[in-house]
Each structure stands twice: as C-alpha cells, then as structure tokens.
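Trainee: Model the following, please.
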Amino acid sequence: MWLQRFAFILLCSGFAVQGGYIEVSVGDPVRFPETRTCATENAELSHHLAGDRDQLVARYQDGVWKPGPGYQDRMGPGTSVTLNTTYITDKGLYHLTCEKTPTQLDVVPFYEAEAAERKPATVHCYYGTAGRHVESVRWERDGKHVFEIKFSSNETTLGAGFEGRVSLPPESNKTGNFSLIFQWVLPEDRGDYRCYIQADGEKERGNPAAARLRVKEESPGQTTTAPQPASTTQKGPGDTGMGPWPIVIAVTVIVAALGTGFGWWLKSCCSNVPTSASSDEEHELEQPLNGAPPPLPHLPPGVNGRPPVNTPV
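Mentor: Next up, the predicted model:
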C-alpha cells in the first residue's frame, strides 16, 4: 500500500527534469532517470561536494541499485535511483559513471499558501527590477504553463483552465511585484507554483522561489456555483448598517409625546368653561327620592299673580 502511495506522490510531485537538470521542491521525492539505462555492474552515482569530494549515493550490484552510506533511510533497492525525500543539502552536481555529463539537482524551498474554494487568492513572487531589463515573467504549476507576459509587446498567454482568472498586479515591472493574483481558485489549482523572470537575457527565479497552494474545498452542504462579485454599496460616515429603523422609532416617540401634551392642554382648557350640565346636576340633587314634585317656595302674597285671599277673622 505504501508503495502505491509513494508512486502516486512521485508522479504528482512538482519536480522538473530537463536533460541534465532536475528541479524539485524540498521534501519531495526525486528520481535520477539516467540510472535506469545504466545497468553496468558496480556503476556508481555520486554527489559532488565542496572541497572536490564525492559522496556515494548508490551503487549498481546484482541487477539493482543499492543505497550508499547515509542514504539507506531514503532509498531502497530498485532499477533506478530514487530518493523518497529531499533535503536542501542535496542540491548540487551528481556524477554517474555511465554518463559523461553530470546532472544538476536544484532543491527549491517553498512557502505554503492556503485559499478557500471560489475565493480570491495571491501567490507571491518578487524580483529586484532596479537597473535590470525584465523581458518576461512566467508562472508554472507542477512544471506546466500557467501565465506568461512579454513586456515588450504586452502579450499575455494563459494556461488551460486559468483563462480569465489570473493576472499580475498593475505596474509589476516597475514595483518588482510579480505575484500571481487569482480572481477565484478551484480545487484543481492546488500544486507547486514557480515564478521565473527573464531579465537581461538570463532566466532567474523570483523570491520566494516556490509556493505550494492548498485549496480548502466547499462543504457538501454549500451550494455556491459561481463567485459572487464584491458589493459596490458605499456607506456614509454615520452609517451603522441598521437601516431606517432608528429614525422611525424616534419619529414615533416624538409624535406620541406631542399627542399626549396636546391632550392634557385640551382637557385643561375645557375644564374652565361652565356648562348647563352642572346646573342640571344641582337641580337633580334637589329632587326627592320618591319622585314627588318639589315643594313650592314660600312666596309673598300677590307674587304668583293672584289677588290675596281675604280670610275671615
């Protein structure tokens, strides 16, 4: 099982082989392809170190390549030499007795970047452009073309699947910022990215030399199918995002207060005006409880319009 997993990692890793040049990200496996065709007994692959010293990496014996001292934990017997992992100290020239031309191994450090699926992301790359004539910038992922711009003609080419999604910052040739900007990322964008600058006729790597992009995929419950454009709504200095409700509440309180005050004022004005109702109430209080008419008042004779009655003495 571990052999299948290792083979998968080896095939998907970001190392690039071009003739006698191998480029690999630190920590990734690397295979020396020339060793497969070198099946001579006691053939050797050695790493040329400083001080004109050679360190044995592997020796071909009994039909297989066997690891040399110090490589047993990173290599097993096989038909070719493959290191399961690489160290930064593995960088340098490698000599194979079957080949006259040495192989240059370049172990590239990288930084890890993480982005959420269908969200913007930036993979950083910088280069000192002061006093240099930068001709072009090229981005690759796992050795495949992603983006390239030629500044003389301003011609831009994009790799398959990256159309309309990647670009460089404005005035990148002036600022030296050649970072790759994603409008949104997809799960298939994960991998090792490298930035190459062609300046004064020489091809160089930017800084950082490489980046490993990891993409956090959406959960199954999410239904987003396309990136949403950023909102263009502008907020004023006093806008808290609460909407018109504070104004509605304030107006309601003011109207209620004015209505209450007006009611009290109207009541106080009406209480000072005499009405006939009060006289009627006083008159009703004078009525006897049994419903009989009230007694007539004692009037002096002749007041009621009749002549006085002479009573016999």
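Trainee: quick one, strands of the stretch 151-300 of the chain?
Mentor: Taking DSSP state E, counting those that start in this stretch as the criterion, the stretch 151-300 of the chain carries its strands at 155-158, 166-167, 180-182, 191-199, 202-216.
Trainee: Tabulate those strands (CSV), appending distance to residue 173, mean neighbour count and mean pLDDT.
Mentor: No exception for glycine: its C-beta is placed from N, CA and C like everyone else's. Formatted as CSV, the strands of the stretch 151-300 of the chain follow (distance: least, C-beta to C-beta, whole Å; neighbours: other C-beta atoms under 10 Å; pLDDT from 0 to 100):
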stretch, distance to residue 173, mean neighbour count, mean pLDDT
strand 155-158, 13, 13, 96
strand 166-167, 14, 19, 97
strand 180-182, 15, 19, 97
strand 191-199, 10, 21, 96
strand 202-216, 13, 17, 95
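Trainee: and the protein, what are its domains?
Mentor: What automatic domain parsing lists as the domains of the chain is 2-108, 111-216.
Trainee: picking that back up, select, out of the strands of the stretch 151-300 of the chain, the one closest to residue 35.
Mentor: Smallest distance to residue 35 across the strands of the stretch 151-300 of the chain (C-beta to C-beta): 23.8 Å, for strand 191-199.
Trainee: Can you tell me what sits against stretch 154-161?
Mentor: Identification of contacts with stretch 154-161 by C-beta atoms under 8 Å, 6 or more residues apart in numbering yields 141, 144, 145, 146, 147, 148, 149, 150, 166, 186, 188.
Trainee: try 6 Å
Mentor: The contact list for stretch 154-161 (C-beta atoms under 6 Å, 6 or more residues apart in numbering) reads 145, 146, 147, 148, 149.
Trainee: Which members of these are classed as buried?
Mentor: In the contacts of stretch 154-161, burial by neighbour count holds for 146, 147, 148, 149, counting by 16 or more other C-beta atoms under 10 Å.
Trainee: about what we covered before: make CSV from the strands of the stretch 151-300 of the chain and add distance to residue 73 to it.
Mentor: Shown next, in CSV, are the strands of the stretch 151-300 of the chain (distance: least, C-beta to C-beta, whole Å):
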stretch, distance to residue 73
strand 155-158, 42
strand 166-167, 40
strand 180-182, 36
strand 191-199, 24
strand 202-216, 24
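Trainee: Mind checking these for the one nearest to residue 78?
Mentor: Proximity to residue 78 (C-beta to C-beta) singles out strand 191-199 among the strands of the stretch 151-300 of the chain, at 24.4 Å.
Trainee: Worst mean pLDDT among the domains of the chain?
Mentor: Out of the domains of the chain, domain 2-108 stands lowest, with a mean of 85 (criterion: mean pLDDT).
Trainee: Burial check on residue 89, number of neighbours?
Mentor: Per other C-beta atoms under 10 Å, the neighbour tally for residue 89 reads 10.
Trainee: start the count at 25, not 1, going forward
Mentor: Taking 25 as the first residue, the last one we looked at is residue 113.
Trainee: where does it land in three-state SS?
Mentor: helix (DSSP: H, G, I helix; E, B strand; the rest coil).
Trainee: cool, and residue 60?
Mentor: helix.
Trainee: Skipping its backbone neighbours, what lies nearest it in space?
Mentor: Computed as C-beta to C-beta, 6 or more residues apart in numbering, the closest residue to residue 60 that is not its neighbour in sequence is residue 104, at 4.1 Å.
Trainee: re earlier: what about the strands of the stretch 175-324 of the chain, which gets the closest to residue 45?
Mentor: strand 226-240 (11.5 Å).
Trainee: if we can go back for a sec, to residue 79, which of the strands of the stretch 175-324 of the chain lies closest?
Mentor: strand 226-240 (24.5 Å).
Trainee: Not counting its own residues, what contacts the closest one?
Mentor: So strand 226-240 is in contact with 49, 132, 134-141, 147, 149-151, 202, 209, 211, 213-214, 216-221, going by C-beta under 6 Å, 6+ apart.
Trainee: Quick one: work out the angle between it and strand 215-223.
Mentor: Here strand 226-240 runs at an angle of 160 degrees relative to strand 215-223 (axes from the mean of the first three to the mean of the last three C-alpha atoms, to 10 degrees).
Trainee: Please save the CA atoms from strand 226-240 in CSV.
Mentor: Output of strand 226-240 as CSV, limited to C-alpha atoms (Å, rounded to 0.1, in the frame of the first residue of the first chain):
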residue,chain,number,x,y,z
GLU,A,226,19.0,35.3,-18.2
LYS,A,227,16.3,33.2,-16.7
GLU,A,228,16.1,33.5,-12.9
ARG,A,229,13.6,32.6,-10.2
GLY,A,230,11.7,35.1,-8.2
ASN,A,231,11.5,35.4,-4.4
PRO,A,232,10.1,33.2,-2.8
ALA,A,233,11.4,30.6,-5.2
ALA,A,234,8.2,28.5,-5.0
ALA,A,235,4.8,28.2,-3.3
ARG,A,236,2.6,25.3,-2.5
LEU,A,237,-1.0,26.2,-2.9
ARG,A,238,-3.6,24.3,-0.9
VAL,A,239,-7.3,24.8,-1.6
LYS,A,240,-9.9,24.3,1.0
